[in-house]
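**Student:** using only what follows, build the 3D model:
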Amino acid sequence: MKRVRFWAPGSDVVRDGVLEDGVVRSGAMRVPLEAVRLAAPCMPTKIVCVGRNYAAHAAELGNEVPERPLLFLKPPSAVIGHGEAIVLPKSEDVHYEAELAVVIGRRCRDVSAERAQDVILGYTCLNDISDRVAQKWEKSWVRAKAFDTSAPLGPVLVTPDELEEPFHVRLRLNGQQKQDGWTSAFIFPIANLIEEITSFMTLEPGDVIATGTPAGVGRLSPGDIVEVEIDGIGILRNPVE
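**Tutor:** Modelled structure (predicted):
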């Protein structure tokens, strides 16, 4: 199943729906996908992000591979949907980072790796927009990672019954491919991430785990179009301002 959140034509109310054969269904409503505006497919209370989960990405930034998952947070105010603009902060070096996002389906705590699949609602695309200037001087990464529009999410949420690991994650900048990786290269697999995070934090329905980015990150500029694509999920496309 492909779940969406959307604005119908002429409406300012966000609705939940299902996408099937190019048509969005919501109750009795049937609307062609091209006629609606998509919102982010979930509204998390928090996004738990994983840094340096691909060895090649850690190496390209001159960082060591962590012994345990390196975690940081993005707030709900950072979330935007497919087609919405990424507004760059006042920085000379802001990067894209394509990632698989795992969406949690129920309130959970202390979930073992063996039971991790039980709490996953589905998967979507995420772009971890990052201010590298702030990241260099601020150890907590709040300014670097949590600014408004720094978490594009979408376009749809696909339930686990339609997908199988590994996931193929790619990013294009102005039509040119920049990132190309498989989640089979994760240092910390999804099940282990869920176990680690829920060992100290309660996850709520709709919360997101951003699983890390492959090598190939680079700078964004006003006027760019950036696309994150994951096979079986689709393309998350955002303009840059």
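**Student:** now the helix or strand Lys178 falls within: buried residues?
**Tutor:** Using DSSP states H and E, Lys178 maps to strand 176-182. In terms of neighbour count (16 or more other Cβ atoms under 10 Å), strand 176-182 has its buried residues at 178-179, 181. Quick note: C-beta positions are derived from backbone N, CA and C, even for glycine.
**Student:** of all those, which comes closest to Glu229?
**Tutor:** Gln179 (9.8 Å; Cβ to Cβ).
**Student:** do you know how far Glu32 is from Lys2?
**Tutor:** In this structure residue 32 is Pro, not Glu. 15 Å (Cβ to Cβ, to the nearest Å).
**Student:** for Ala144, that is, sorry about that
**Tutor:** If you go by Cβ to Cβ, the gap between Ala144 and Lys2 works out to 32 Å.
**Student:** more neighbours, the two?
**Tutor:** Legend: neighbour count by other Cβ atoms under 10 Å for Ala144 and Lys2, higher for Ala144 (24 against 20).
**Student:** now the helix or strand containing the more buried one: mean pLDDT?
**Tutor:** For Ala144, the element it lies in under DSSP H and E is helix 142-145. Averaged across helix 142-145, the pLDDT comes to 98.
**Student:** just the C-alpha atoms of it, please, in CSV.
**Tutor:** Extracted as CSV, the C-alpha positions of helix 142-145 are listed here (Å, rounded to 0.1, in the frame of the first residue of the first chain):
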residue,chain,number,x,y,z
VAL,A,142,21.3,21.9,16.1
ARG,A,143,21.9,24.8,13.8
ALA,A,144,23.5,22.5,11.2
LYS,A,145,20.6,20.0,11.0
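**Student:** same for it, what does it pack against?
**Tutor:** Judged by 3 or more Cβ pairs under 8 Å, 6 or more residues apart in numbering; DSSP states H and E, helix 142-145 is in contact with strand 70-74, strand 130-131, helix 132-137.
**Student:** change it to 10 Å
**Tutor:** Contacts defined by 3 or more Cβ pairs under 10 Å, 6 or more residues apart in numbering; DSSP states H and E place helix 142-145 against strand 47-51, strand 70-74, strand 130-131, helix 132-137.
**Student:** so the most centrally placed residue in the chain: helix, strand or coil?
**Tutor:** Nearest to the geometric centre of the chain sits Leu126, at 2.0 Å (Cα atoms, centre = their mean). Following DSSP: H, G, I helix; E, B strand; the rest coil, we place Leu126 in the strand state.
**Student:** what sits against Pro75?
**Tutor:** Taking Cβ atoms under 10 Å, 6 or more residues apart in numbering as the criterion, Pro75 is in contact with 44-47, 142, 145-148, 150-151.
**Student:** swap in Val50?
**Tutor:** Shown in contact with Val50 (Cβ under 10 Å, 6+ apart): 66, 69-72, 99, 102, 128, 186-188, 190, 193, 196-197, 209-213.
**Student:** what's the spacing between the closest residue to it other than its chain neighbours and Tyr54?
**Tutor:** The shortest distance from Val50 to any non-neighbouring residue, by Cβ to Cβ, 6 or more residues apart in numbering, is to Gly212 (4.6 Å). Gly212 sits 6 Å away from Tyr54, going by Cβ to Cβ.
**Student:** intersection of neighbour lists for those two?
**Tutor:** 99, 169, 181, 183, 185-187.
**Student:** inside strands: which ones of those?
**Tutor:** The strands, defined by DSSP state E, take in 99, 169, 181 from the shared contacts of Gly212 and Tyr54.
**Student:** just name the closest of those to Asp161, please.
**Tutor:** Nearest to Asp161 among those, with distances taken as Cβ to Cβ, is Val169, at 20.3 Å.
**Student:** tell me what that closest one is bridged to.
**Tutor:** Val169 has these beta-bridge partners by DSSP bridges: Gly181, Ile230.
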